[in-house]
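Engineer: missing the sequence, but the structure's below:
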């Protein structure tokens with residue numbers, strides 16, 4: 001939306017993967033971003049922590065950090081908004097919540 005990031009270039013290639021592995025990991029990251037966006041679109045007006053989104057959507061072996069990455073990408077792109085509200089997270093610490101960005 002704002003051009004800072006592109007959810008279709010979602011994978012953060014910190015491991016310097018190439019070839020088929022890079023394509024596989026990029027595809028997984030894109031699907032996670034799309035799933036997170038759809039989750040928020042299905043829950044307009046509600047806010048969620050990254051861990052709550054992860055619990056609702058995760059597949060076997062997917063780390064919480066992948067969902068944090070997706071939320072960051074979507075926030076940077078303008079699809080999600082950091083509510084600045086915090087609530088108790090799954091590890092007993094306060095954590096930020098996000099909501100779908102609503103354009104008037």
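Structural biologist: Arrived safely. What you are looking at is a predicted structure, and each value in this text was computed from that prediction instead of being measured.

Engineer: Quickly list what the nearest residue to residue 98 once chain neighbours are set aside is bridged to.
Structural biologist: Leaving aside its chain neighbours, residue 98 sits nearest to residue 80 (4.7 Å; criterion: CB to CB, 6 or more residues apart in numbering). Placement of C-beta: from N, CA and C, glycine included. Here residue 80 sits in beta bridges with residue 100, going by DSSP bridges.

Engineer: Pull the number of nearby residues for residue 80.
Structural biologist: By the criterion of other CB atoms under 10 Å, residue 80 has 23 neighbours.

Engineer: so it touches residue 40, yeah?
Structural biologist: Yes: using CB atoms under 8 Å, residue 80 is in contact with residue 40, at 6.2 Å.

Engineer: Name the residues contacting each of those two.
Structural biologist: 74, 98, 99, 100 (CB atoms under 8 Å, 6 or more residues apart in numbering).

Engineer: The last one and residue 51: what is the separation?
Structural biologist: Put plainly, it is residue 100. Distance from residue 100 to residue 51, counting by CB to CB, to the nearest Å: 18 Å.

Engineer: Apart from its chain neighbours, what residue comes closest to residue 81?
Structural biologist: Nearest to residue 81 is residue 101, by CB to CB, 6+ apart, at 4.7 Å.

Engineer: Please report phi then psi for that neighbour.
Structural biologist: phi -70, psi 130 (degrees, to the nearest 10).
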